[in-house]
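Novice: What follows is a predicted structure for the sequence shown.
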Amino acid sequence: MVTLEQLVPKAHLLRLIDRHIRFEFIRTETESLYCANNGRPAIDPVVLFKMLFIGYLFGIRSERQLMREIEVNVAYRWFLGLRLTDPVPDASTLSQNRRRRFAGTDIEQRIFDGIVEQAIAHKLIGGRVLYTDSTHLKASANKRKFELHQVEQTPAAYLAELDAAVDAERAAAGQRALRRDGPSGTDRDEDDDTDALGRGGESRKEIKRSTVDPDSGYMVREGKPVGFFYLDHRTVDG
């Protein structure tokens, strides 16, 4: 005879996670979202969120595909506490819970925080080395549907902020504010349109603004697809 325990490699990532992270706290966090005396018996919320965890961790982008993977992957079954003969829930069960029961709540954030807190307690997160990267996320917007807009670029406004910061630092140190001269040796006037670099203090730039998703930005970069995108930044602990 062969048991499920024997079929999962000792060094499998899910074994390492299961060794350090206790997911049982999810039942307490989700208790208020379930009715105690009405309706059919619910699928354990720990199992539901562990399924979502597997899908995210291993890049499975479809709930139907996720269920098919769980059905045949012994490591996934072991992690979820399902025996080889146990049926796998239908994909609609996962999607309906996600879209109805958990919608409009902060349950995902609370569970995320709980897992991170456990990782910190086990010294898996130190906060000493952080890696940050950015990527472009394609907006759901047709690149041909846009309006042209003229926007102002005012370096003088940025320089004024820098001057204010210098003044604040000197004031804190008990020093006098610096005298700032304009191009002709006189005090610079706020209406002067020439900045310290000798360029015009104000210029205009034409940009494309999507009529479908105005919050996105139009990207034109060498080696990158052209269209409307968002810039997404991620920071992870070493």
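Specialist: Here it is on my side, so go on.
Novice: Spatially nearest residue to residue 79, not counting backbone neighbours?
Specialist: For residue 79, ignoring the flanking residues on the chain, the nearest one in space by C-beta to C-beta, 6 or more residues apart in numbering is residue 14 at 4.4 Å. C-beta coordinates here come from the backbone N, C-alpha and C atoms, glycine included.
Novice: Over the helix or strand hosting the one you found, what's the mean pLDDT, rounded is fine.
Specialist: In this assignment (DSSP states H and E), residue 14 forms part of helix 13-20. In this model, helix 13-20 has an average pLDDT of 93.
Novice: Need the contact partners of the next helix or strand after that helix.
Specialist: Moving toward the C-terminus from helix 13-20, the next helix or strand (DSSP H and E) is helix 25-30. Residues outside helix 25-30 that contact it (C-beta atoms under 8 Å, 6 or more residues apart in numbering): 44, 45, 46, 49, 102, 107, 110, 111, 114.
Novice: could you redo the last one with a cut-off of 6 Å?
Specialist: In this structure, residues lying in contact with helix 25-30 by C-beta atoms under 6 Å, 6 or more residues apart in numbering are 45, 46, 49, 110, 111, 114.
Novice: check contacts around the first one.
Specialist: Contact analysis of residue 45 by C-beta under 6 Å, 6+ apart lists 26, 30.
Novice: measure it to residue 7 for me?
Specialist: 26 Å (C-beta to C-beta, to the nearest Å).
Novice: With the third one instead?
Specialist: Distance check for residue 49 against residue 7: by C-beta to C-beta, it reads 24 Å.
Novice: ditto for the second one
Specialist: Computed as C-beta to C-beta, the residue 46 to residue 7 distance reads 22 Å.
Novice: got it, and the last one?
Specialist: Per C-beta to C-beta, residue 114 is found 29 Å from residue 7.
Novice: Which one's more surrounded, these two?
Specialist: Legend: neighbour count by other C-beta atoms under 10 Å for residue 114 and residue 7, higher for residue 114 (17 against 12).
Novice: List the strands paired with the helix or strand hosting residue 209, with their directions.
Specialist: For residue 209, the element it lies in under DSSP H and E is strand 203-210. Using DSSP bridges, the strands paired with strand 203-210 are strand 146-153 (antiparallel).
Novice: low pLDDT regions in this structure?
Specialist: 153-157, 180-202 (pLDDT under 70).
Novice: redo that, cut-off 50
Specialist: Filtered on pLDDT under 50, the chain yields the residue ranges 183-200.
Novice: Walk me through the domains of it.
Specialist: 4-122, 130-175+203-237 (the TED database).
Novice: Just name the most buried of those domains.
Specialist: With neighbours taken as mean count of other C-beta atoms under 10 Å, those reach their highest mean count in domain 4-122, at a mean of 14.
Novice: Let me see the ranges of the strands in this structure.
Specialist: Assigned by DSSP state E, the strands in the chain fall at 130-138, 146-153, 203-210, 217-219, 227-237.
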